[in-house]
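Chemist: 3D, please:
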Amino acid sequence: MMKFKSLKASVLIGSTLLMGSYSTLSMAQANLAIQCPGYQPAKTKLLGQKVGKKLNKAFEAYNQDLVKEAIDLLYEIEADDPFDRASVDRFLGQLLVSEPGKRAEAADYLERAVKTKILNDNDHAPIIKLVGDLKYEAGKYEEAIAWFEKWMKFTCKEDGMTYLKIANAYKEMKQLDKVIPAADKAIALLDPPKETPYAIKMSVYYDQKKYQEAIDVIETAIKVFPESNAWFKNAGLFYQITENYSMALTMLELAYYRGHLTTATQHKQLAQLYSVNGMPHRATALMEKHMKSGLIPTDKDTLSSVANSAFQAREFRTAAKYFGEAAKVANDPELYRRKGSMLLTIGDYRGAIEALKLALEDNDGNEGKVHYAMIEAHFYLGDYKAAMAAAKEAKKDSTIRKNAEAWEPYIKTKASNKGIRI
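Modeler: Numbering: from 1, shown residues only. Sure thing, here's the model as predicted:
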């Protein structure tokens with residue numbers, strides 16, 4: 001939203017000072033921005049003597065920074081002549097713009113000043129635009145658009161920032177089909193270019209579920225704003241939405257190497273894309289790096305995610321490490337079981353048994369799976385009695401009973417060959 005940061009700025013916006021209303025013709029013409037073909041400036045009108053004196057008194061107060069006094073003086077002026085009345089309304093409206101809580105009243109006075117074409121062109125044109133800005137700021141978007149269009153028609157000037165406001169106004173009113181043409185006008189006219197109209201177009205296409213059109217906007221914006229951090233990240237998101245994971249990875253990886261990824265979520269997203277694209281080892285390395293830096297928190301979900309990436313990369317010892325850390329953080333028996341399974345895979349049977357024992361604590365559903373894993377660990381350590389005991393416990397789980405039973409004769413045979421009675 002446009003803000004008027006100072007009183008004098010509000011009075012000067014798009015216009016000469018009040019004195020321009022009754023200055024000489026040459027001064028009034030000096031700042032005209034009207035570009036209509038064959039334009040002929042209107043004759044400069046002059047204030048009546050009585051109203052002119054009162055206006056000058058108010059203007060002197062304003063110049064001494066006695067703004068409230070100037071406003072009070074203007075409130076008291078009675079003017080019957082249309083030009084006098086419009087001049088008073090114009091000055092009063094411009095002063096009220098910078099007064100707290102007076103924006104709506106300012107708009108009313110300014111609107112009245114230009115309701116009929118009575119002011120000099122150099123004063124009339126910027127007030128039309130100022131009314132549009134005030135309506136826009138107040139959220140009266142339909143009225144704002146009408147005033148902006150009126151200003152461009154009067155001046156025969158197309159303005160990029162004005163089209164940008166029109167595009168955003170249509171967006172706020174949910175008239176999405178009208179947003180894109182206005183945003184395109186803004187893009188064509190703004191020099192230097194601004195990112196905002198591209199962002200508006202992207203968001204509209206997203207709202208309309210026109211994801212490919214949004215991607216087209218993003219790809220154009222990347223070329224125009226190669227140093228901006230937002231567009232590479234946006235590209236990654238939209239390519240994910242369209243399930244183009246290879247391009248999503250390309251864009252997010254570019255953003256990463258350019259230093260544009262700054263949050264834990266963004267780095268997790270990149271790690272996920274590495275995994276989806278068959279590079280889980282990179283996902284593991286990325287997550288480890290940023291957990292060590294403290295950017296990514298070491299909570300259960302994060303540690304489990306790293307463990308799964310390491311598992312996919314067949315880095316079983318690393319997977320066991322992170323399943324164990326996740327289990328410790330969350331006191332989760334299932335994660336201890338996963339750690340035990342990883343250690344079994346790499347032949348660390350003692351470590352596996354230690355983890356699997358922890359997996360039996362407070363385990364209300366997967367004891368059978370834990371005991372089944374312990375069969376193998378005890379067996380390969382040569383503890384056949386413990387292996388047989390684990391098999392008997394595993395058989396209590398109907399889902400793995402047959403598998404557990406299959407171990408029993410094998411255990412007995414091995415024990416017998418070793419001269420061990422079970």
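Chemist: Excluding chain neighbours, give the residue nearest to A307 in space.
Modeler: Y322 (3.7 Å; C-beta to C-beta, 6 or more residues apart in numbering). Quick note: C-beta positions are derived from backbone N, CA and C, even for glycine.
Chemist: List the neighbours of stretch 335-343 that are in contact with it.
Modeler: With contacts defined as C-beta atoms under 8 Å, 6 or more residues apart in numbering, stretch 335-343 is touched by 300, 304, 307, 311, 316-317, 319-320, 323-324, 326-327, 349, 351-353, 355-356, 358-359, 366, 369-370, 373, 377.
Chemist: And that stretch, how far out from the chain middle?
Modeler: Mean-position distance between stretch 335-343 and its chain equals 39 Å (C-alpha atoms, centre = their mean, to the nearest Å).
Chemist: which ones are touching N308?
Modeler: Shown in contact with N308 (C-beta under 8 Å, 6+ apart): 275, 319.
Chemist: State the helix or strand in which it lies.
Modeler: helix 300-312 (DSSP states H and E).
Chemist: Of the contacts of stretch 335-343, just the buried ones, ChimeraX syntax please.
Modeler: Buried members of the contacts of stretch 335-343, defined by 16 or more other C-beta atoms under 10 Å, are picked up in ChimeraX with:
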select :300,304,307,311,316,319,320,323,324,326,327,349,351,352,353,355,356,358,359,366,369,370,373,377
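Chemist: what's next to stretch 225-233, contact-wise?
Modeler: Residues outside stretch 225-233 that contact it (C-beta under 8 Å, 6+ apart) are 193, 195, 198-199, 218, 221-222, 251-252, 254-255, 258-261, 266.
Chemist: Could you list the low-pLDDT ranges of the protein?
Modeler: Confidence mapping of the chain against pLDDT under 70 gives the ranges 1-33.
Chemist: mind listing the strands for it?
Modeler: Counting by DSSP state E, the chain has no strands at all.
Chemist: Now do A58 against I71, distance only.
Modeler: Between A58 and I71 the computed distance is 8 Å (C-beta to C-beta, to the nearest Å).
Chemist: again with Q272
Modeler: 60 Å.
Chemist: swap in S246?
Modeler: Using C-beta to C-beta, one gets 64 Å for the distance from S246 to I71.
Chemist: Tell me which of these two has more neighbours.
Modeler: Legend: neighbour count by other C-beta atoms under 10 Å for S246 and I71, higher for I71 (19 against 12).
Chemist: Tally up the residues packed near the spatially closest residue to the more buried one that is not a sequence neighbour, please.
Modeler: Counting by C-beta to C-beta, 6+ apart, L95 is the residue found nearest to I71 once chain neighbours are left out, at 5.3 Å. Neighbour count for L95, taken as other C-beta under 10 Å: 24.
Chemist: How about A415?
Modeler: Using other C-beta under 10 Å, A415 has 19 other residues around it.
Chemist: OK, contacts around the closest residue to it other than its chain neighbours?
Modeler: Leaving aside its sequence neighbours, A415 sits nearest to Y384 (C-beta to C-beta, 6+ apart; 3.9 Å). Taking C-beta under 8 Å, 6+ apart, we find Y384 in contact with 378, 411, 414-415, 418, 420, 422.
Chemist: Next: A183.
Modeler: Contacts for A183 (C-beta under 8 Å, 6+ apart) come out as 163-164, 167, 197-198, 200-201, 204.
Chemist: try it again with 6 Å
Modeler: By C-beta atoms under 6 Å, 6 or more residues apart in numbering, A183 lies in contact with 167, 197, 200-201.
Chemist: Name the member of those residues that has the highest neighbour count.
Modeler: The residue in the contacts of A183 with the most neighbours, by other C-beta under 10 Å, is P197 (28 neighbours).
Chemist: For burial, what's the neighbour tally of the nearest residue to T116 once chain neighbours are set aside?
Modeler: Closest residue in space to T116, ignoring its immediate chain neighbours: P82 at 6.9 Å, by C-beta to C-beta, 6+ apart. Neighbourhood size, P82 [other C-beta under 10 Å]: 13.
Chemist: how much space between P82 and P41?
Modeler: Using C-beta to C-beta, P82 is found at 19 Å from P41.
Chemist: likewise E172?
Modeler: Noted for E172: a distance of 36 Å to P41, by C-beta to C-beta.
Chemist: same thing with F148?
Modeler: For F148, the distance to P41 - C-beta to C-beta - is 23 Å.
Chemist: Also Y322?
Modeler: Distance of Y322 to P41, computed by C-beta to C-beta: 77 Å.
Chemist: And those two? Which one has more around it.
Modeler: Neighbour comparison, Y322 and P41: the larger count goes to Y322, with 29 against 13 (by other C-beta under 10 Å).
Chemist: Just list the residues touching the more buried one, thanks.
Modeler: Neighbouring residues of Y322 by C-beta under 6 Å, 6+ apart: 303, 306-307.
Chemist: mind giving me TSV with the residues you listed and columns for distance to N403?
Modeler: Shown next, in TSV, are the contacts of Y322 (distance: C-beta to C-beta, whole Å):
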residue	distance to N403
L303	30
V306	30
A307	25
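Chemist: Could you report the neighbour count for N277?
Modeler: The tally of other residues near N277 (other C-beta under 10 Å) stands at 16.
Chemist: That one: what's it in contact with?
Modeler: Contact analysis of N277 by C-beta under 6 Å, 6+ apart lists 245, 249.
Chemist: Distance check, it against A283.
Modeler: Counting by C-beta to C-beta, the separation of N277 from A283 is 9 Å.
Chemist: Repeat that for S203.
Modeler: 30 Å.
Chemist: Out of these two, name the residue with the larger neighbour count.
Modeler: Neighbours were tallied for S203 and for A283 using other C-beta under 10 Å; the higher tally belongs to A283 (25 against 16).
Chemist: thinking the more buried one is in contact with Y274, fair?
Modeler: Yes. Taking C-beta atoms under 6 Å as the definition, A283 is a contact partner of Y274 at 3.9 Å.
Chemist: tally of neighbours for the nearest residue to M152 once chain neighbours are set aside?
Modeler: For M152, ignoring the flanking residues on the chain, the nearest one in space by C-beta to C-beta, 6+ apart is E158 at 6.0 Å. Neighbourhood size, E158 [other C-beta under 10 Å]: 13.
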